[in-house]
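Visitor: Mind looking at a prediction? Sequence and model below.
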Amino acid sequence: MFAADFVLDASVTLSWAFEDEVTPEADSVLERLRTKSAFVPPIWPFEVTNGLVVAERKGRITLNDAITFLSSLRHLPISIFLGFFEIPLEQLARVAQDTGLSAYDASYVYLAKLQHLPLATLDKSLAHAARSYGVVLLI
């Protein structure tokens, strides 16, 4: 199986699509992907796509720019961690319950904990929950 260096969440990924949301920390994660690789849970492509669709509906991005951005993500060393299909989902439910996160957000914490990897997130509540669950933050 593919090995990764960190877990990437949708908040960091989506920040790259919007000039007003990018931060030096998010830029450093993108730069890191030049030499390192990331795991994402199976929900990630849907979260990123939905974030762009919502932004397009609000007039923040054009559909063509959203499609171009999504296409550019394919060139980055980001892999969906398919091991989620082999674990008992009650473990993920327990992480969600323990952290107070949705199952969607808990999947990032669970993946980072399972693979002993740092988590890259800009989401403050996700970062707080990850730290409380013993996950190291990349940013």
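Guide: In hand now; what should we look at?

Visitor: Now do the strands in this structure.
Guide: Counting by DSSP state E, one finds strands in the chain at the ranges 6-8, 38-40, 78-80, 119-120.

Visitor: Any chance of JSON lines for those, columns distance to residue 96, mean neighbour count and mean pLDDT?
Guide: For every residue, glycine as well, the C-beta is placed using N, CA and C. Converted to JSON lines, the strands of the chain look like this (distance: least, C-beta to C-beta, whole Å; neighbours: other C-beta atoms under 10 Å; pLDDT from 0 to 100):
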{"stretch": "strand 6-8", "distance to residue 96": "16", "mean neighbour count": "27", "mean pLDDT": "98"}
{"stretch": "strand 38-40", "distance to residue 96": "17", "mean neighbour count": "24", "mean pLDDT": "98"}
{"stretch": "strand 78-80", "distance to residue 96": "19", "mean neighbour count": "15", "mean pLDDT": "96"}
{"stretch": "strand 119-120", "distance to residue 96": "15", "mean neighbour count": "26", "mean pLDDT": "98"}
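
Visitor: export these to TSV and tack on distance to residue 15?
Guide: Below are those laid out as TSV (distance: least, C-beta to C-beta, whole Å):
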stretch	distance to residue 15
strand 6-8	11
strand 38-40	14
strand 78-80	15
strand 119-120	10
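
Visitor: Quick one: closest of those strands to residue 65.
Guide: Closest approach to residue 65 among those is made by strand 78-80 (19.5 Å; C-beta to C-beta).

Visitor: Each with direction, which strands does that closest one pair with?
Guide: Applying DSSP bridges, strand 78-80 is found paired with strand 38-40 (parallel).

Visitor: and the strand it pairs with, how far from the chain's centre?
Guide: 7 Å (C-alpha atoms, centre = their mean, to the nearest Å).
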